[in-house]
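Q: pasting the sequence and the predicted coordinates here, then a few questions.
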Amino acid sequence: MSIDPKSLKLFTSVLKHGTIAAAAESEHIAAAAVSRRMSELEQQLGTRLLYRSNKGIEASPAGQALLDLSHRVLNELDDIRSQMLDYASGTKGHVRVFVNISAITQFMPGELSAFLSENPQVQIHLEERVSSAIVQAIIENSADVGVITMDGPVEGVELLPYREDELVLVTPRSHPLAQSESVKFEATIDYDYVGLPAGSQVNNQLIRAARELGKPWRSRFKVTSYDALCLMVESRLGIGILPKGTAGKYQDVFDIHVATLDESWAHRKLVVCIRSYSALSPTARQLVDRMVGSPQPPRPSLINLRA
């Protein structure tokens, strides 16, 4: 049984927009044609995919499963087209890499620079995402290689050890906590923080730690980068948490104090996250082998997340 990718694209569009009419307008096709293609798809698969009502269209359980599979198939087709265009233009491979802010500010610039100096015809597509979004992108095949930080169990990916880092506290030099070289999190809880974006695992860790103390974690501002966080801290708008490797670079640029965070959860492990080692393209496998220092494929595992 062969399924037309165009039907899958229409199917995902219908669920994205919620109605046949909206999907038809988005895809520049008659509404009657979209409706007919959906009925043909249901007949072809022998199961109901869509629930239709006056409120719009929703996926049935089978439809939700097909939606997840469709995203993967369509992404893989797009990747095939992209890689073939790369080869036609002289590029020898293309790797989509999604990493969290901790990895992109500490490890990946040097990692990718070294890799590309040895493989100048490889194209790297790099994006920064929070760890949970990276895992989802790997599962859906919208990314080939991810770098996340370990925390709580998640299924559906393979992992390899990568690097370790340590969270530290940054404060204005005039701040009361700047008198200490090592600080317990509890000593910081009554001060306003400058946090990272919603969904960041660093934020989530601080919220959990504050909850264990029976107190709220107060994030007065949220920023999207560590340099913005340090600038806000320097301006005495709050205190912040960031990796030690990154804080060391900013300590000479901003008027801030860096203190050790005396908590076990401040010591973190970063891992390389992939769908399947055996399914990696030769170029992606070459990058992964360089990152982890071993060509041995990982075993399926549970992973932990922290931003």
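A: Cool, got the structure.

Q: ranges for the strands of the stretch 101-250 of the chain?
A: Ranges of strands within the stretch 101-250 of the chain are 123-128, 145-149, 154-172, 182-183, 193-195, 219-222, 240-243, based on DSSP state E, counting those that start in this stretch.

Q: strand partners of the third one, parallel vs antiparallel please.
A: According to DSSP bridges, the neighbouring strands of strand 154-172, each with its direction, are strand 240-243 (antiparallel), strand 256-261 (antiparallel), strand 267-274 (antiparallel), strand 300-303 (antiparallel).

Q: before we move on, what about the fourth one?
A: Pairing partners of strand 182-183, with direction, according to DSSP bridges: strand 256-261 (parallel).

Q: got the contact list for the partner strand?
A: 166-173, 175, 177-178, 180-183, 185, 230, 233-234, 241, 244, 247-248, 250-251, 266 (CB atoms under 8 Å, 6 or more residues apart in numbering). (Each C-beta comes from the backbone N, C-alpha and C, glycine too.)

Q: repeat that for 10 Å
A: With contacts defined as CB atoms under 10 Å, 6 or more residues apart in numbering, strand 256-261 is touched by 166-175, 177-185, 187-188, 229-231, 233-234, 239-242, 244, 247-248, 250-251, 266-267.

Q: tell me which of the strands paired with strand 154-172 sits nearest to residue 287.
A: Residue 287 lies closest to strand 267-274 among these, at 9.3 Å (CB to CB).

Q: buried set for the closest one?
A: Neighbour counts over strand 267-274 (16 or more other CB atoms under 10 Å) mark 268-274 as buried.

Q: how about the strands paired with strand 154-172, which one is nearest residue 124?
A: Closest approach to residue 124 among the strands paired with strand 154-172 is made by strand 267-274 (14.6 Å; CB to CB).

Q: just the buried ones from the contacts of strand 256-261?
A: Neighbour-count burial (16+ other CB under 10 Å) applied to the contacts of strand 256-261 gives 167-172, 175, 177-178, 183, 185, 188, 229-231, 233-234, 239-242, 244, 247, 250, 266.

Q: after the helix ranked longest in the chain, next one along is what?
A: As assigned by DSSP state H, the longest helix anywhere in the chain is helix 61-88. Remark: after helix 61-88, the chain's next helix or strand is strand 94-99, criterion DSSP states H and E.

Q: that following strand vs strand 123-128, what angle?
A: With axes from the mean of the first three to the mean of the last three CA atoms, to 10 degrees applied, the angle from strand 94-99 to strand 123-128 works out at 20 degrees.

Q: helices or strands up against strand 94-99?
A: Using 3 or more CB pairs under 10 Å, 6 or more residues apart in numbering; DSSP states H and E, the elements in contact with strand 94-99 are helix 61-88, helix 101-106, helix 108-118, strand 123-128, helix 131-139, strand 145-149, strand 267-274, helix 282-292.

Q: just these: most buried one?
A: strand 145-149 (a mean of 27; mean count of other CB atoms under 10 Å).

Q: where does the stretch 151-300 of the chain dip in pLDDT?
A: 294-300 (pLDDT under 70).

Q: just give me how far the longest helix of the chain sits from the chain centre.
A: 18 Å (CA atoms, centre = their mean, to the nearest Å).

Q: redo the strands of the stretch 101-250 of the chain as CSV? Include distance to residue 258.
A: Formatted as CSV, the strands of the stretch 101-250 of the chain follow (distance: least, CB to CB, whole Å):
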stretch, distance to residue 258
strand 123-128, 23
strand 145-149, 20
strand 154-172, 5
strand 182-183, 10
strand 193-195, 14
strand 219-222, 19
strand 240-243, 9
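
Q: select, out of those, the one closest to residue 68.
A: Across these, residue 68 has its closest neighbour in strand 154-172 (10.9 Å, CB to CB).

Q: now that closest one against helix 282-292, angle please.
A: Going by the same axes, to 10 degrees, strand 154-172 makes 50 degrees with helix 282-292.
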